[in-house]
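Undergrad: Structure, please.
(2 chains)
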Amino acid sequence: MISESTRQILQRRCKTLCQTHSLGIAYVAQVLGPRRHYLAGYGLPTAEPTGRLSVSDDIVLFWQGDLTEQAGLAFCDDLKDTVFSIERELAGCDTSSRPNCHSRGD
Amino acid sequence: MLTTIENTWQQERVERVGKWSDANDYENFIDEALIEKLLESHRHSEPEVVKDIINKAKDNATTGALLDPADVAVLTNVQDPELWQAIFEAANWIKQTVYGNRIVLFAPLYVSSVCVNNCAYCGFRSSNTQVRKRALSQDELQREFDALVNVGHKRLIMVYGEHPDSDYEYICRTIEAAYQVKSGNGEIRRANVNAAPLFVDEYKAVRSVGIGTYQVFQETYHRPTYQKLHSKGTLKSHFDWRVFALHRAQEAGIDDVALGVLFGLTDWRFEILGLLYHAMSLEKYFGVGPHTISYPRLEPAVNTPLASASPHQVSDEDFAKIVAIIRLMCPYTGSILTARERPEVRRDIMRKGGVSQMDAGSRIAVGGYSQIDHEHLPDRQQFILGDTRSLDEFIHDLCKDGYLPSFCTAGYREGRTGANFMPLAKHATVKNFCIANGILTFQEYLEDYASEPVRRIGSETVVPQYLKWVDSHVPSLAPKVRENLNRMRKDSERDLHF
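TA: Prediction:
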């Protein structure tokens, strides 16, 4: 789980991305095995092909609409600081109880 | 008799549950007196009132609103066969509106049957010495996975007993193993979990391996019945611990959770309202309602007299009513009809109840898929299965009835989970994904696993029929669906999805 403040930051960034590039939706998800777990975003999904870019090993950006690779990469780059805090929050959430995982305090 | 290890494990957890209970501040959502009063005060309603509720339910299909408890109480008391016909038609209409005419297919995989609990209705209860209970080793599990993927399954519900040998770490290990399976074009793409309530830290660990849905069935929402059926001192005897199990899962970040009742333990009318209040509570606290609702009926089990002699057994006629009311009261939720039921009952309920997910080719003995020729292994099963058709036979029957068999697992792999999934289901647009992905996954089945009769009806009738649906309902997607079908047929590509 991410904090409300982080969720709002992601939502604002995705909103800006949607408005700048006329996208129907943009959202950020966490990689959990095969699951891409929705964290936050802006817009509503429709049954259109979805684009995706890895923001980091653990975070993926999804969107629907025309987004150039360059614009997507620029967004991911801008998101670096936020991603760092997301990963810290998620590390505290997801791995602290599993003895064979790296977690805060290991 | 439990072993010392089992007793110690249970006692430690019971103490921890006590501490959780002392700190729990979720508001109780099951008020027995209120539910009974609602049922009593709506015992007789005018037909116009019932028709208004049916229309309201249909309107809710595109807003995602739940029916009110009073509305549901009215529906449970309808006697007029014509009104029931209208309810069944509305249930089917709502399902078609939200999900389209596809049926998502899955297989239950009983991973462990060992259990410290002693539930009076369950063949796996600790005191039942006539049923052999065990947890699969990794090698045995692998054989089960192979048997499942080699007939075409992609989606599992993995079932675990509550026991130190199948604790949350075992759950994590076995789910990770499921996702590593690769056999030809076969793989497990989604593993849902049916297991005991966990602590938040344990849920977080299970979340981290990428599960689909976490399912905890309340069994019964009627506290006095619950206390009577679950031996004092066992983990399962703690009603609140179980009724808030999915609240804790949500706290841990598991946002696809699934409800269920074991119908036949008390008055089914009461249980339906219990399910509704549960959904309302989840929406209130987390803004996300149940991903699915299941409605297993009590079935006979070896050396389990209650399972055959409950005074609240649900007739086939009432069962159809239950499934239809659930569809009307919670239009967005997935509705799961299992192979507990006989084939003729399933066929009837699918039409009347607005069912969206079904298991097929199921075996429910621990290790049962490795001995697929044995339809029943009663001394290893929780109950006796009603539908033992093979997956291919089941699909053939679906095709003959005009349904689209679907192995779709795309949603949760495309980030359409929790709060991102709900708007799709609540505004009835999810069917656009469902049908497109249903066609693609069914084509995979036709290419890799289908018998000749299924291949024929699938390629000549079902796929063309649903391609036409995509042409007329989601024309912008149609060229891409056809392109993906060609890539699958000509280039043997797999797992193409939206």
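
Undergrad: okay, CA-based contacts and neighbour counts for the rest of this
TA: OK.

Undergrad: what about the strands in the chain?
TA: With no chain named, the answer covers chain A. A:25-32, A:35-43, A:51-54, A:59-64 (DSSP state E).

Undergrad: not quite, I wanted chain B
TA: Secondary structure of chain B, counting by DSSP E: strands at B:102-110, B:155-159, B:190-194, B:214-215, B:257-260, B:292-294, B:334-337, B:357-359, B:404-406.

Undergrad: what pLDDT, on average, does stretch B:423-436 get?
TA: Stretch B:423-436 comes out with an average pLDDT of 92.

Undergrad: who's in contact with it?
TA: Stretch B:423-436 has contacts (C-alpha atoms under 8 Å, 6 or more residues apart in numbering or on different chains) with A:44-47, B:61-65, B:97-102, B:331-333, B:404, B:408, B:466, B:470, B:473-474, B:481, B:498.

Undergrad: hang on, the earlier thing: closest to A:Arg52 out of the strands of chain B?
TA: Closest to A:Arg52 of the strands of chain B, according to C-alpha to C-alpha: strand B:190-194, at 20.0 Å.

Undergrad: what helices or strands is that closest one leaning on?
TA: strand B:155-159, helix B:168-179, strand B:214-215 (3 or more C-alpha pairs under 8 Å, 6 or more residues apart in numbering or on different chains; DSSP states H and E).

Undergrad: what's it in contact with?
TA: Strand B:190-194 is contacted from outside by A:34, B:154-160, B:175, B:178-179, B:211-216, B:409, using C-alpha under 8 Å, 6+ apart.

Undergrad: change it to 7 Å
TA: B:154-160, B:175, B:211-216, B:409 (C-alpha atoms under 7 Å, 6 or more residues apart in numbering or on different chains).

Undergrad: Tell me who's in contact with the most centrally placed residue in chain A.
TA: The centre of chain A sits closest to A:Val28, judged by C-alpha atoms, centre = their mean, with a distance of 2.5 Å. Going by C-alpha under 7 Å, 6+ apart, A:Val28 touches A:38-41, A:59-62.

Undergrad: Just say which of the helices and strands packed on strand B:190-194 is most tucked in.
TA: With neighbours taken as mean count of other C-alpha atoms under 10 Å in any protein chain shown, the helices and strands packed on strand B:190-194 reach their highest mean count in strand B:214-215, at a mean of 28.

Undergrad: Averaged pLDDT, that one. What do you get?
TA: Per-region confidence: strand B:214-215 scores 98 on mean pLDDT.

Undergrad: same check, this time on stretch A:63-74
TA: The average pLDDT within stretch A:63-74 is 93.

Undergrad: Name the residues of that stretch that come out as buried.
TA: Residues of stretch A:63-74 classed as buried by neighbour count (16 or more other C-alpha atoms under 10 Å in any protein chain shown): A:63-65, A:67, A:72-73.

Undergrad: Can you check the distance spanned by it, start to finish?
TA: 14 Å (C-alpha to C-alpha, to the nearest Å).

Undergrad: And for the nearest residue to B:Asp68 once chain neighbours are set aside, the neighbour number?
TA: Using C-alpha to C-alpha, 6 or more residues apart in numbering or on different chains and skipping residues adjacent in sequence, the residue nearest B:Asp68 is B:Met329, 7.8 Å away. Counted with other C-alpha atoms under 10 Å in any protein chain shown, the neighbours of B:Met329 add up to 30.

Undergrad: There's contact between A:Cys33 and B:Gly212 in this structure, I believe.
TA: One thing to correct before we go on: residue A:33 is Gly, not Cys. No - contact status for A:Gly33 versus B:Gly212: not in contact, 10.3 Å apart, counting by C-alpha atoms under 7 Å.

Undergrad: of these two, who's got more company?
TA: Here A:Gly33 and B:Gly212 are compared on neighbour count by other C-alpha under 10 Å; more neighbours surround B:Gly212, at 27 against 20.

Undergrad: so how far is B:Lys468 from the closest residue to B:Asp471 other than its chain neighbours?
TA: Among residues not flanking B:Asp471 along the chain, B:Ala478 sits closest, at 5.5 Å (C-alpha to C-alpha, 6+ apart). Distance of B:Ala478 to B:Lys468, computed by C-alpha to C-alpha: 9 Å.

Undergrad: burial count for A:Phe84?
TA: Count around A:Phe84 with other C-alpha under 10 Å applied: 12.

Undergrad: re earlier: just give the nearest non-adjacent residue to the residue nearest to the centre of chain A, would you?
TA: Nearest to A:Val28 is A:Leu61, by C-alpha to C-alpha, 6+ apart, at 4.6 Å.

Undergrad: Just grab the bridge partners of that neighbour for me.
TA: Going by DSSP bridges, A:Leu61 is paired in beta bridges with A:Val28, A:Leu53.

Undergrad: these two touch, right, it and A:Thr50?
TA: No - using C-alpha under 7 Å, A:Leu61 is not in contact with A:Thr50, being 10.1 Å away.

Undergrad: Settle it for me: which of these two has more neighbours?
TA: The neighbour comparison of A:Leu61 against A:Thr50 (other C-alpha under 10 Å) goes to A:Leu61, with 24 against 17.

Undergrad: Please give me every residue in contact with residue 60.
TA: Assuming you mean chain A. A:28-30, A:52-54.

Undergrad: The intended chain is chain B.
TA: Listed by C-alpha under 7 Å, 6+ apart, the contact partners of B:Asn60 are B:66, B:331.

Undergrad: Model confidence score at it, please.
TA: On the pLDDT scale, B:Asn60 is placed at 97.

Undergrad: Next, format the strands of chain A as JSON lines and append distance to B:Asp240.
TA: Formatted as JSON lines, the strands of chain A follow (distance: least, C-alpha to C-alpha, whole Å):
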{"stretch": "strand A:25-32", "distance to B:Asp240": "30"}
{"stretch": "strand A:35-43", "distance to B:Asp240": "28"}
{"stretch": "strand A:51-54", "distance to B:Asp240": "41"}
{"stretch": "strand A:59-64", "distance to B:Asp240": "35"}
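
Undergrad: nearest to B:Asp80, of those?
TA: Among these, the nearest to B:Asp80 by C-alpha to C-alpha is strand A:35-43 (44.6 Å).

Undergrad: quick one: average confidence on that closest one?
TA: pLDDT averaged over strand A:35-43 gives 96.

Undergrad: what does that strand contact?
TA: A:7, A:10-11, A:14-15, A:24-31, B:210, B:412-417, B:420.
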